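1. here is my input, please return the structure:
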Amino acid sequence: MNTSSVTPHRMDPAGGCPHADNARLLARGAVATVVLPGEVEGAVVLGHEALKEFLAHPDVAKGARHFTDLREGRIAAGWPLMTFATVQGMTTADGDDHRRLRSLVSKAFTPRRVEQLRARVEELTSRLLDGLHVAALEGGGTADLRAHFALPLPMGVIGELLGVDAEYRDRLHHLTNQVVATDIGPEQAVAANHEMVAVLSAVAAARAENPGDDLTSALIAARDEDGDRLSRPELLGTLVLMIIAGHETTLNLITNAVRALCGHRDQLESVQKGESSWGDVVEETLRWDAPVSYFPFRYPVRDLTVDGTVIPRGTPVLAGYSAAGRDRAAHGADADRFDITRSRRPDAVRHLSLGHGAHYCLGAPLARMEATVALERLFTRFPGLDLAVPEGELTQQASFVGNSVRVLPVRPGTPRD
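-> The predicted structure follows:
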């Protein structure tokens, strides 16, 4: 993989905070060789400029047919990262197939459509804040902000967009955790994927029988109208991807932003005084503590040299978003510092945490809007909200894909009317 003698970095299936590992890897270079679960050889692109180039490179593909070890039968069926490689949807499609699949869902995420959703997001946010207050009263002054607020907000929104009945949403979040986890065993991984497909098949069947003004109904209509536009595996694969990306990223974004503001009270005060915006908070959180750390997979279609490192054709490559966000070569000597005024600097570099190139996150406008509304309403309603335990005692997710904590105990304090 690399002409150097550096020992490949072994990705920890248990996940944990990525920033210390990122710093060590970046000190070696912008590209690192890694060992994935199951002793699969791979690579990660960590440096900002290298990642930006790699994400938009014409000789880099997303389709699993380019994954050499998978194509040649060296990947076990229960491999924990299998869904990311093989699910049929726009994140694993290239060229015309990618454009076809993306066009089928893009209308649901245009800036105009997102703005139309704002009132619903504000309504749901207010209701969830009421629930957070009740949970804190019942919990002796503390409540898990992740469970009572940061999760049900994006899950509720994406559920409504897709036409997923409320009865399925908790189960789908649990299954999403299983799919994103990198520390589960083969049997558990296979079972989670089978159940995810079964639940979403039930959702699709319900929408086929009783169509509504939702994305699933629109996808089914497109499939029924012209089978060449969307196959059944692509329909289910698209629903899997929409459910996972539609709530997991925003859940982590809101969680990480609250942690950052509670640890930087001076910056929280600056926003509350109107000196900075909640949008500034969202963008700096995306850079400083990206909600997705290492995203699978891309594959060079030929031996590719990136920042002096040769990545062989067919290698599974992770996009190192959390590392690129703190790359000092791009973001300056203080890249490790949370600073909501950073984007206003004349030399500011835009982060890559929502992707770059043809596969840029389709739901980026929605994620930004949801997080901005959530944070503004949360700290307006509970201006004294703080963590109930020290930051160092929070438990990280068991995944090197997602980047956040499992629970976020907070003390909301006295609500402002």
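2. now the strands for the stretch 101-250 of the chain?
-> 143-144 (DSSP state E, counting those that start in this stretch).
3. at which residues are the helices of it located?
-> Ranges of helices within the stretch 101-250 of the chain are 111-138, 145, 152-162, 166-180, 186-209, 215-225, 232-262, based on DSSP state H, counting those that start in this stretch.
4. could I get those helices in CSV, plus columns for distance to Ser353, mean neighbour count and mean pLDDT?
-> In this view, the C-beta of every residue, glycine as well, is placed from N, C-alpha and C. Output for the helices of the stretch 101-250 of the chain, formatted as CSV (distance: least, Cβ to Cβ, whole Å; neighbours: other Cβ atoms under 10 Å; pLDDT from 0 to 100):
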stretch, distance to Ser353, mean neighbour count, mean pLDDT
helix 111-138, 18, 15, 95
helix 145, 21, 28, 98
helix 152-162, 16, 23, 93
helix 166-180, 16, 18, 88
helix 186-209, 25, 17, 90
helix 215-225, 24, 18, 85
helix 232-262, 9, 24, 93
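5. dump the ones you listed to TSV, plus distance to Arg350.
-> Listed next are these as TSV, based on distance: least, Cβ to Cβ, whole Å:
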stretch	distance to Arg350
helix 111-138	17
helix 145	28
helix 152-162	23
helix 166-180	26
helix 186-209	34
helix 215-225	28
helix 232-262	16
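6. now for those helices, which one comes closest to Pro409?
-> Across the helices of the stretch 101-250 of the chain, Pro409 has its closest neighbour in helix 145 (7.6 Å, Cβ to Cβ).
7. now that closest one: how far from the chain's centre is it?
-> Its chain's C-alpha centre and that of helix 145 lie 18 Å apart, by Cα atoms, centre = their mean, to the nearest Å.
8. show me what it is packed against.
-> For helix 145, there is no helix or strand it packs on, judged by 3 or more Cβ pairs under 8 Å, 6 or more residues apart in numbering; DSSP states H and E.
9. who touches it?
-> Helix 145 is contacted from outside by 132, 255, 258, 408-410, using Cβ atoms under 8 Å, 6 or more residues apart in numbering.
10. can you do 7 Å?
-> The contact list for helix 145, computed with Cβ atoms under 7 Å, 6 or more residues apart in numbering, reads 132, 258, 408, 410.
11. burial measure for the third one, as a count.
-> By that I understand Leu408. Neighbour count for Leu408, taken as other Cβ atoms under 10 Å: 24.
12. for Leu286, what are its contacts?
-> Contacts for Leu286 (Cβ under 7 Å, 6+ apart) come out as 253, 351, 353-354.
13. ok, and the closest non-adjacent residue to Tyr294?
-> If the residues on either side of it in the chain are set aside, Tyr294 comes closest to Leu318, at 4.1 Å by Cβ to Cβ, 6 or more residues apart in numbering.
14. cool, and Ala192?
-> Using Cβ to Cβ, 6+ apart, the nearest residue to Ala192 is Gln178, at 3.5 Å.
15. isn't the one you found right up against Ala191?
-> No - if you go by Cβ atoms under 7 Å, Gln178 and Ala191 don't touch, sitting 8.2 Å apart.
16. quick one, phi psi at the residue nearest to Tyr294?
-> Phi and psi for Leu318, reported as degrees, to the nearest 10, are phi -90, psi 140.
17. equivalent analysis for Pro409, please.
-> The phi and psi values for Pro409, taken as degrees, to the nearest 10, are phi -70, psi 130.
18. double-check Thr395 against Val405; I have them as touching.
-> Yes - the pair Thr395 / Val405 is scored as a contact, 6.1 Å apart, by Cβ under 7 Å.
19. ok, the two, which is more surrounded?
-> Using other Cβ under 10 Å as the criterion, Thr395 and Val405 rank with Val405 on top: 18 against 9.
20. who's in contact with the residue nearest the centre of the chain?
-> The centre of the chain sits closest to Thr249, judged by Cα atoms, centre = their mean, with a distance of 3.3 Å. Applying Cβ under 7 Å, 6+ apart to Thr249 gives the contacts 291-292, 367.
21. which one of the residues you listed is nearest to Arg377?
-> Nearest member of those to Arg377, counting by Cβ to Cβ, is Ala367, at 16.1 Å.
22. buried residues of the helix or strand harbouring that closest one, list them for me.
-> Per DSSP states H and E: Ala367 is located in helix 364-381. Across helix 364-381, burial judged by 16 or more other Cβ atoms under 10 Å covers 364-379, 381.
23. same check on stretch 29-43?
-> Buried positions in stretch 29-43, judged by neighbour count with 16+ other Cβ under 10 Å: 29-34, 36-38, 40-43.
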